[in-house]
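Q: Coordinates only, no sequence provided:
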């Protein structure tokens with residue numbers, strides 16, 4: 001199984017899934033972003049650097065059943081449909097969960113993303129970051145424990161309960177959404193680091209990035 005396969009690269013060094021983050025530089029506008037390698041729900045392993053030559057949007061979210069993340073992603077899907085330059089943008093969504101439950105969270109009958117977006121086929125590349133190594137490399141922010149508020153807002157099913165419980169234990173429930181716009185050379189052009197769970201990159205910022 002591809003579950004739990006992860007490698008993070010930075011400054012020419014490599015960290016395994018059990019290792020520590022080895023990227024020492026800041027991830028800021030104008031800098032070259034660090035590389036990572038994660039398993040996708042499509043059954044393949046993907047490296048961020050494989051998409052050099054393309055404009056890329058990398059989005060970090062909590063677990064796949066997170067109601068707040070589902071809301072943000074449904075908004076992004078809606079924006080993507082309206083974006084005239086959408087075909088020029090590679091959207092990569094990274095979730096703090098394993099491949100098995102990420103797939104269920106995107107395709108299951110109780111999947112909140114599917115329900116809120118009204119889309120049966122998830123349009124973006126979905127990657128699993130179960131140990132949070134890629135999120136840590138990109139300096140994705142955290143906030144206080146929100147699992148109980150998410151729990152109360154969710155339609156509680158066994159899958160949702162499992163994700164809330166396990167990701168609460170692992171710290172995945174405290175990740176705040178972060179979205180990175182990266183140019184063809186791997187340089188960070190714009191970043192949105194949410195201060196609250198409902199924030200997301202505006203379509204105007206994405207459109208401006210695509211017109212560069």
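A: Okay, I see it. Note that the structure is predicted; figures quoted are calculated from it, not measured. Residues are numbered from 1 along each chain as shown.
Q: which parts of whichever strand or helix holds residue 74 are buried?
A: If you go by DSSP states H and E, residue 74 is part of helix 67-82. Buried positions in helix 67-82, judged by neighbour count with 16 or more other C-beta atoms under 10 Å: 67-77, 79-80. Bear in mind the C-beta positions are built from the backbone N, C-alpha and C, glycine included.
Q: low-scoring stretches of this protein, by residue?
A: Residues of the chain meeting the criterion pLDDT under 70: 1-25, 84-85, 141-174, 196-198.
Q: 50 instead, please
A: 1-24, 144-156, 160-161, 163, 165-172 (pLDDT under 50).
Q: All the strands of it, residue numbers only.
A: 6-10, 13-16, 35-40, 45-47, 55-61, 89-95, 125-128, 178-182, 188-193 (DSSP state E).
Q: May I see those organised as a markdown table, with mean neighbour count added?
A: Below are these laid out as a markdown table (neighbours: other C-beta atoms under 10 Å):
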| stretch | mean neighbour count |
| --- | --- |
| strand 6-10 | 21 |
| strand 13-16 | 14 |
| strand 35-40 | 22 |
| strand 45-47 | 15 |
| strand 55-61 | 23 |
| strand 89-95 | 22 |
| strand 125-128 | 24 |
| strand 178-182 | 23 |
| strand 188-193 | 17 |
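Q: For residue 26, which of those strands is the nearest?
A: strand 188-193 (10.0 Å; C-beta to C-beta).
Q: got the angle for the closest one vs strand 178-182?
A: Angle, strand 188-193 to strand 178-182, by axes from the mean of the first three to the mean of the last three C-alpha atoms, to 10 degrees: 170 degrees.
Q: who does strand 188-193 pair up with?
A: Sheet pairing here is set by DSSP bridges, and for strand 188-193 it gives strand 178-182 (antiparallel).
Q: Need the strands of the chain in JSON lines (columns: distance to residue 135).
A: Listed next are the strands of the chain as JSON lines, based on distance: least, C-beta to C-beta, whole Å:
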{"stretch": "strand 6-10", "distance to residue 135": "10"}
{"stretch": "strand 13-16", "distance to residue 135": "13"}
{"stretch": "strand 35-40", "distance to residue 135": "9"}
{"stretch": "strand 45-47", "distance to residue 135": "15"}
{"stretch": "strand 55-61", "distance to residue 135": "5"}
{"stretch": "strand 89-95", "distance to residue 135": "7"}
{"stretch": "strand 125-128", "distance to residue 135": "11"}
{"stretch": "strand 178-182", "distance to residue 135": "8"}
{"stretch": "strand 188-193", "distance to residue 135": "12"}
